[in-house]
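In: Output the structure for:
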Amino acid sequence: MSNESLKPFRNIETPGYVGFANLPNQVHRKSVKKGFEFTLMVVGESGLGKSTLVNTLFLADLYPERIVPDAIEKTHQIVKLDASTVEIEERGVKLRLTVVDTPGFGDAIDNTDRLKPLDIEFMKQLHNKVNIVPVIAKADVLTKKEMLRLKKRVLEEIESNGIKIYPLPDCDSDEDEEYKEQVRQLRESVPFAVCGANTLLEVRGRKVRGRLYPWGVVEVENPDHCDFIKLRTMLITHMQDLQEVTQEVHYENYRSERLAKGAPVPKRQTPSVFEEKPPTGDKDRILQEKEAELRRMQEMLAKMEAQMQQQQH
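Out: So this is what the prediction gives:
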């Protein structure tokens, strides 16, 4: 065997070097090759701009064929769960994004104040099952003082009702100061006051994503105008933590509850996200599990909304 063929195996580091310091690079290569997966559920009544917000967050059109119902149709519309999946690639990194929307949620309930009883009850039902990130929509219709008062009120109602929202992870002592400051600002911004826009406008010679009003332009990605950029930073920067909390906390709690009741626990699968030809049986089973979970959530939403309507009559 020639010396040239042995070069890749030579220890070029200092004596005593084993090589496990290269493990993070292995994880990185494997993750990039496999791709990433993220599921996001948006809940709120029609007209709040949920679809626009999601499209703006990920710069993708998840609802190309959506038909918006008129006012009469909304009155009779039942709560549904619509799941849309899109594959996004950025600098060679692939993300399969699934967004679950809730058309019809809260449309038939007459409430003018936030938070609505339906919002409170919904969060109570789900805060032990998913990561809740509270968002205030249409931030561009409120002044800064009004927004601060509303944020305070929403947080007070969340706390008084014992609702647990997603806690940003604590910073380690060795983290750099810039990252610590970023996490501090993100914590202070909850609930995130946002607005979305898919239109590019020209402002002082530069293209911005925003909304045009007679008095000026609201720039979606300007932190002085709204919290959109902070929400996106939180979702992207802490996407891995969001998934880990879901798997290690929420799923384990769900699993423990099922076992305590003597009920079977569905086997948790984490197949390759971008596998070109997954086994047909596994693929069908995973789809069936997701559809069954969506049906259970849809039934829960419909039951909750029916209860709220009865309380109003």
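In: wait, what's in contact with residue 300?
Out: Shown in contact with residue 300 (Cβ atoms under 8 Å, 6 or more residues apart in numbering): residue 125. Bear in mind the C-beta positions are built from the backbone N, C-alpha and C, glycine included.
In: Look up the pLDDT of it for me, please.
Out: Per-residue pLDDT puts residue 300 at 71.
In: where's it relative to residue 247, distance?
Out: 22 Å (Cβ to Cβ, to the nearest Å).
In: Same check on residue 53?
Out: Plainly put, residue 53 is 26 Å away from residue 247 if you go by Cβ to Cβ.
In: between the two, who's got more neighbours?
Out: With neighbours defined as other Cβ atoms under 10 Å, residue 53 and residue 247 compare such that residue 53 has more, 24 against 12.
In: wait, that one sits on residue 139?
Out: No. Taking contacts as Cβ atoms under 8 Å, residue 53 lies outside contact range of residue 139: 10.6 Å.
In: Find residues that contact each of these two.
Out: Common neighbours of residue 53 and residue 139, counting by Cβ under 8 Å, 6+ apart, are 194-195.
In: Strands of the stretch 101-250 of the chain, start to end?
Out: Taking DSSP state E, counting those that start in this stretch, the strands of the stretch 101-250 of the chain run over residues 135-136, 192-193, 200-203, 206-213, 216-219.
In: so which of those gets nearest residue 60?
Out: Closest approach to residue 60 among the strands of the stretch 101-250 of the chain is made by strand 206-213 (13.4 Å; Cβ to Cβ).
In: For the most centrally placed residue in the chain, give me phi and psi.
Out: The residue lying closest to the centre of the chain (Cα atoms, centre = their mean) is residue 40, at 3.9 Å. Torsion angles at residue 40 (phi, psi; degrees, to the nearest 10) stand at phi -130, psi 130.
In: Quick check: beta-bridge partners of it?
Out: Judged by DSSP bridges, the bridge partners of residue 40 are residue 99.
In: mind checking how far it is from residue 30?
Out: Computed as Cβ to Cβ, the residue 40 to residue 30 distance reads 24 Å.
In: now residue 186
Out: Distance of residue 186 to residue 30, given as Cβ to Cβ: 29 Å.
In: okay, the two: which has more neighbours?
Out: Neighbours per residue, other Cβ under 10 Å: of residue 186 and residue 30, the larger number sits with residue 186, 18 against 9.
In: Next one, pLDDT for the more buried one please.
Out: For residue 186, the pLDDT comes out at 93.
In: Surely it is in contact with residue 230?
Out: Yes. Taking contacts as Cβ under 8 Å, residue 186 lies within contact range of residue 230: 5.7 Å.
In: which stretches of the stretch 201-313 of the chain have low pLDDT?
Out: Within the stretch 201-313 of the chain, the segments meeting pLDDT under 70 span 263, 265-295, 297-298, 301, 305, 308-313.
In: just so I have it, where are all the helices in it?
Out: 228-237, 239-245, 251-260, 280-312 (DSSP state H, counting those that start in this stretch).
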